[in-house]
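>>> structure, please.
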Amino acid sequence: MNQQMTKSTKLSDIKRSWHLFDVKEKTLGRAASEIATTLMGKSKPYFVSNLDCGDYVVVINAASIKVSGNKELQKKYSRFSGYPGGYREETLMELRQRNPADIIRFAVLGMLPQNKLQDRMLTRLFIFKSAEHPYEDKFKVKSEKLKV
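Next comes the predicted model:
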């Protein structure tokens, strides 16, 4: 009797690599979906949804990401401190001036699964507003991903 058994993925089977995403003049949603897919590890053959199989992602040139339409003025980001009068709202343009890395972080956060693994996936996301970053030695292959 020759039966094949499906092998379950274990934590010891997971191998993490580093990916560089240059988002200069790329559309926000398209870039964020590819970054989220890499953080989850969905392209790996041993992907399972109950384990954190993803890779490390370094995003450069976050300040020059683009959006379509009137989103620069109409898209709003809100937060609430929990105190009376603590509700704050800002547009994409204001957030780009204050902290452009948060634009990509919030977009990727919305595309990751809302479960206990989400925080662990986000800790492997490193976003820089310009092309300089301290992780040059981590990349084996010097190729920029994101063919969008």
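>>> OK, contacts around E89?
76-78 (CB atoms under 8 Å, 6 or more residues apart in numbering). Every C-beta, even on glycine, is put in place using the N, C-alpha and C of the backbone.
>>> try it again at 10 Å.
76-80 (CB atoms under 10 Å, 6 or more residues apart in numbering).
>>> next: I104.
I104 is in contact with 21, 23, 28, 31-32, 35, 59, 62, 65, 125, 127, 129, counting by CB under 10 Å, 6+ apart.
>>> which parts of this protein are helices?
28-40, 71-74, 92-98, 100-111, 118-122 (DSSP state H).
>>> among these, which is the most enclosed?
Across those, averaging neighbours per residue (mean count of other CB atoms under 10 Å) puts helix 28-40 on top, at a mean of 20.
>>> hey, C-alpha coordinates of that one in PDB?
Only the C-alpha atoms of helix 28-40 are listed here, as PDB (Å, rounded to 0.1, in the frame of the first residue of the first chain):
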ATOM      1  CA  LEU A  28       0.000  52.600  -2.700                       C
ATOM      2  CA  GLY A  29      -2.600  49.800  -2.800                       C
ATOM      3  CA  ARG A  30      -0.600  47.700  -5.300                       C
ATOM      4  CA  ALA A  31       2.600  48.000  -3.400                       C
ATOM      5  CA  ALA A  32       0.900  47.300   0.000                       C
ATOM      6  CA  SER A  33      -0.800  44.100  -1.200                       C
ATOM      7  CA  GLU A  34       2.500  42.700  -2.500                       C
ATOM      8  CA  ILE A  35       4.300  43.700   0.800                       C
ATOM      9  CA  ALA A  36       1.500  42.100   2.900                       C
ATOM     10  CA  THR A  37       1.800  38.900   0.800                       C
ATOM     11  CA  THR A  38       5.500  38.700   1.400                       C
ATOM     12  CA  LEU A  39       5.100  39.400   5.200                       C
ATOM     13  CA  MET A  40       2.500  36.500   5.400                       C
END
